[in-house]
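Got a predicted structure here, sequence first:
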Amino acid sequence: MFKYTLKTKIIFIFIFAILIAGLVFLVNFNKSRSRDLQLVSQIKTLATGLELYYDKFDAYPISEQKVSLDQIRYISNKGMNQEGSVYYFRRNFDWAGEATYTAIKDDYAIDFDLERSWPTWGLTSYGGGKCRIAKNVYMKCVPE
């Protein structure tokens, strides 16, 4: 019969603590990746609505100053956050992260940060980077 010594108990406790720490790390890592993907998806939904608005009016809803996406509830045929008869974007969710919108007549930019590396978008470093979605739903990222 195997007898547990104090040294053996300490080794088991140490291994158990490392396993718990590793599990916590993996859960947090996956949550931040999920948040990144959710934010990109939400912003692309807004960008698609902006393109539909542009197709109809040959201009984007103007906002020369940076506007937090939290302030954008919807885009209608009357403009941003104006009640209208046709809606090109309607937000029924909370943004997964912070981002800003600026626009002039024929160009716009939505700027945001991603937390993790995404080689598909040019973010190969662990720390993520700064991204922008602009005209024609074009996305570009630069590492931090």
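Okay, I see it.

Walking through the chain, point out its strands one by one.
Counting by DSSP state E, one finds strands in the chain at the ranges 63-68, 74-76, 79-80, 87-90, 99-104, 107-114, 129-134, 138-143.

closest one to residue 46 among these?
Closest to residue 46 of the strands of the chain is strand 87-90 (Cβ to Cβ; 5.5 Å). (Glycine included, C-beta is placed from N, CA and C.)

weakest of the strands of the chain by average pLDDT?
Mean pLDDT per stretch puts strand 63-68 lowest among those, at a mean of 89.

That one vs strand 107-114, what angle?
Angle, strand 63-68 to strand 107-114, by axes from the mean of the first three to the mean of the last three Cα atoms, to 10 degrees: 20 degrees.

So in that sheet, which strands flank strand 63-68, and in what orientation?
Next to strand 63-68 in the sheet, as set by DSSP bridges, lie strand 99-104 (antiparallel).

Could you measure from residue 144 over to residue 39?
16 Å (Cβ to Cβ, to the nearest Å).

Between these two, which has more neighbouring residues?
The neighbour count for residue 144 versus residue 39, taken as other Cβ atoms under 10 Å, is higher for residue 39 (21 against 12).
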